[in-house]
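Student: quick one: sequence plus predicted model below, questions after.
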Amino acid sequence: MRLYTVPYAGGYSFTYLKWKPLLAQGIKLHPIELPGRSDASRDRLCSTIEEMAVHCLRHIEADQEPYALFGHSMGAYVVLEVYRALEARGLPLPEHLILSGMKPPHLYENKNHHLLDEASFRTKMLEMGGIPSLLVNEDDFAATLFRLLRNDLRAVELYSWKGELPVFSCDVSLFNSETDIRREHKLEWNRYSRRPCGYYSFRGTHFFCE
């Protein structure tokens, strides 16, 4: 089975490469890189969750093997839109979804962080964690990173689910850290699934999947 992974806000596909030795035999890891994130890429960044889903769909739609989708934080919303697009086009659906580190859309609290001035935005992102302090001191890298984070956070904060419920017909697993989202909020994803979702709690912070 192939496992397609979608980056979180500000994230890159290579984050998931360290999973390879941890996966069961027969699981083929396929991290998806979103446009505009690699040094060699001249593509513009996707500005909405729906645009990200369309990009991911190009990697998946021709797949004839059984596959699963993993999305952490922002990636969970991208996976939701990918599933809807696959179903609408009559394409083979995933056998399993893993929605990690994110509330369902109807519970998301938009705090408009993407509208903060640059200094306040950087301070808020550092407070949220997941950014090594040493990297922030690299001016060129920091500028690229915070531009990417603002773009992705804007996509998340402006996203809303406009479809009917439930959505998913396949198995769904919910991943969460002990210190992140309240369990009852995470379990609200059950409203999006025709089957009961499995719930798995992990030690660590919001970025436990790294």
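Tutor: Received the coordinates, thanks. Keep in mind that this is a model prediction, so the values were computed, not measured.
Student: what's the longest helix along the chain packed up against?
Tutor: Ranked by residue count and defined by DSSP state H, the top helix of the chain is helix 139-157. Judged by 3 or more CB pairs under 8 Å, 6 or more residues apart in numbering; DSSP states H and E, helix 139-157 is in contact with helix 49-60, helix 74-88, helix 118-128, helix 133-136. Placement of C-beta: from N, CA and C, glycine included.
Student: which parts of that helix are buried?
Tutor: Neighbour-count burial for helix 139-157, with 16 or more other CB atoms under 10 Å as criterion, is recorded at L145, F146, L148, L149, R150, N151, D152, L153, R154, A155, V156, E157.
Student: find the nearest non-adjacent residue to the second one, please.
Tutor: Spatial nearest neighbour of F146, chain neighbours left out: R122 (5.7 Å); criterion: CB to CB, 6 or more residues apart in numbering.
Student: OK, contacts around the nearest residue to Y159 once chain neighbours are set aside?
Tutor: Excluding the flanking residues, the one nearest Y159 by CB to CB, 6+ apart is I49, at 4.5 Å. Going by CB atoms under 8 Å, 6 or more residues apart in numbering, I49 touches M74, Y77, V78, E81, A155, V156, Y159.
Student: as TSV, these with pLDDT would be great.
Tutor: Below are those laid out as TSV (pLDDT from 0 to 100):
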residue	pLDDT
M74	96
Y77	98
V78	98
E81	97
A155	97
V156	97
Y159	97
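Student: about what we covered before: need the buried residues of helix 139-157 in CSV with distance to L69, can you?
Tutor: Below are the buried residues of helix 139-157 laid out as CSV (distance: CB to CB, whole Å):
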residue, distance to L69
L145, 25
F146, 28
L148, 22
L149, 23
R150, 26
N151, 22
D152, 18
L153, 22
R154, 23
A155, 18
V156, 18
E157, 23
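Student: and which of those residues is nearest to I181?
Tutor: V156 (14.2 Å; CB to CB).
Student: residues contacting the closest residue to that closest one other than its chain neighbours?
Tutor: Distance criterion CB to CB, 6+ apart; nearest residue to V156, sequence neighbours excluded, is M74 at 5.1 Å. Going by CB under 8 Å, 6+ apart, M74 touches P7, Y8, A9, G11, I49, M102, D152, A155, V156.
Student: repeat for Q64
Tutor: Neighbour list for Q64: P92 [criterion: CB under 8 Å, 6+ apart].
Student: pLDDT weak spots in this structure?
Tutor: Scanning the chain with the threshold set as pLDDT under 70 gives 38-41, 63, 130, 132-139, 210.
Student: how close does Q64 sit to A76?
Tutor: 25 Å (CB to CB, to the nearest Å).
Student: CSV for the helices and strands packed on helix 139-157, including distance to W19?
Tutor: Compiled in CSV, the helices and strands packed on helix 139-157 are given as follows (distance: least, CB to CB, whole Å):
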stretch, distance to W19
helix 49-60, 17
helix 74-88, 14
helix 118-128, 23
helix 133-136, 22
